[in-house]
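A.B. asks: quick one, fold the following:
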Amino acid sequence: MSGSGPVRVVVAKPGLDGHDRGAKVVARALRDAGVEVIYTGLHQTPEQIVETAIQEDADAVGLSVLSGAHMTLFARVLELLAQREATDIVVFGGGIIPDADLPELERLGVAKVFTPGATTGEIVSWVRENVGDSAPAS
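C.D. replies: Residues are numbered from 1 along each chain as shown. Presented below is the predicted three-dimensional model:
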């Protein structure tokens, strides 16, 4: 995790989902707010996402999942971060995720899930308050 400078966020589209408009909108909003964004593109494996986050010294990973595979994909990214001793990288995300799954995702260690209707302003504010040097100590 970077110690100074702008917050660095990897925005990723894991799995087979090919819809990335929302991820690109969020990436652009974060970038416009001064966040350094690394967008991985479509069809990334959890292994590729974690490798990118570590190589890029990311403060956070934002996953966009619309495919219904959110439980598996979030869990695998968190598992791989733990294996790589990189649990200081905050994992958040969004997409079509049922409310019933939110408590389990939180239990797994997902810091925040933005569901449909969340604004880019809400996402930017949350990142500013919860990621990087301004984040509360854990």
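A.B. asks: show me where this structure has helices.
C.D. replies: For the chain, the helices defined by DSSP state H occupy 21-32, 46-55, 70-83, 102-108, 120-130.
A.B. asks: ok, I123 - contacts?
C.D. replies: Contact analysis of I123 by C-beta atoms under 8 Å, 6 or more residues apart in numbering lists 26, 29-30, 94, 114. For glycine as for every other residue, the C-beta is placed from the backbone atoms N, C-alpha and C.
A.B. asks: go through the helices of the chain and name the closest to G62.
C.D. replies: Proximity to G62, assessed across the helices of the chain by C-beta to C-beta, is greatest for helix 21-32 (6.6 Å).
A.B. asks: send the alpha carbons of that closest one over as CSV?
C.D. replies: The C-alpha coordinates for helix 21-32 follow below in CSV (Å, rounded to 0.1, in the frame of the first residue of the first chain):
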residue,chain,number,x,y,z
ARG,A,21,-19.6,0.7,-18.8
GLY,A,22,-20.2,1.1,-15.1
ALA,A,23,-16.6,0.2,-14.2
LYS,A,24,-15.3,2.8,-16.7
VAL,A,25,-17.7,5.4,-15.3
VAL,A,26,-16.4,4.8,-11.8
ALA,A,27,-12.8,4.7,-13.0
ARG,A,28,-13.2,8.0,-14.7
ALA,A,29,-15.0,9.6,-11.7
LEU,A,30,-12.2,8.4,-9.3
ARG,A,31,-9.5,9.7,-11.7
ASP,A,32,-11.3,13.1,-12.0
